[in-house]
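A.B. asks: here are the coordinates; sequence isn't available:
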């Protein structure tokens, strides 16, 4: 049968299995959890992409997180951008200004077609995300921005369910930039 209803002790027990990207493992609290889907929301020009690039810079250069805690990610782990806002140049120039290794910031498009694969409604884009996450150690996938990456009405929770299922089944952290 079904058994007993889950209670708060059951949930606390499951919480012990969390793998934090940035957080306090002993206290089981933090900012980003492995296999988590996180939303960064803000108006256009408020620094969402730059903030995400700063996080990637911190692990790439073995610096501390903004709260002073140690980054425990592999410095060679990559940030994969689904640059659906078509701002590859901004990302490339920010990575250079931050002193990040070029190979640590990658895009869904291959070298012979770098500006492609930005529509997450297209199965080929999802296949490219899977491909790069299998080929490389990807620490974070960033969809920048969600509203430009999909034509679905993503304000409807049922429409978002497929996206959540795809990304939370992965081993990497995902950051989705929302409203502009």
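C.D. replies: Arrived safely. Only a predicted model underlies this, so the values are computations on that prediction, with no experimental measurement involved.
A.B. asks: where do the helices sit along this protein?
C.D. replies: 8-15, 48-60, 88-97, 123-135, 146-149, 157-168 (DSSP state H).
A.B. asks: Those helices: which one's closest to residue 114?
C.D. replies: Residue 114 lies closest, by C-beta to C-beta, to one member of the helices of the chain: helix 88-97, at 6.8 Å. Where you see a C-beta, it was placed from the backbone N, CA and C, and this is true even at glycine.
A.B. asks: Run through the neighbouring helices and strands of the closest one.
C.D. replies: helix 48-60, strand 105-107 (3 or more C-beta pairs under 8 Å, 6 or more residues apart in numbering; DSSP states H and E).
A.B. asks: low pLDDT regions in this protein?
C.D. replies: The chain contains residues with pLDDT under 70 at 35-36, 168-180.
A.B. asks: make it 50
C.D. replies: Scanning the chain for pLDDT under 50 picks out 179-180.
A.B. asks: Now the helices of the chain in CSV, please, with extra columns for mean neighbour count and distance to residue 26.
C.D. replies: CSV is the format used below for those (neighbours: other C-beta atoms under 10 Å; distance: least, C-beta to C-beta, whole Å):
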stretch, mean neighbour count, distance to residue 26
helix 8-15, 10, 12
helix 48-60, 20, 20
helix 88-97, 15, 33
helix 123-135, 15, 29
helix 146-149, 20, 33
helix 157-168, 13, 24
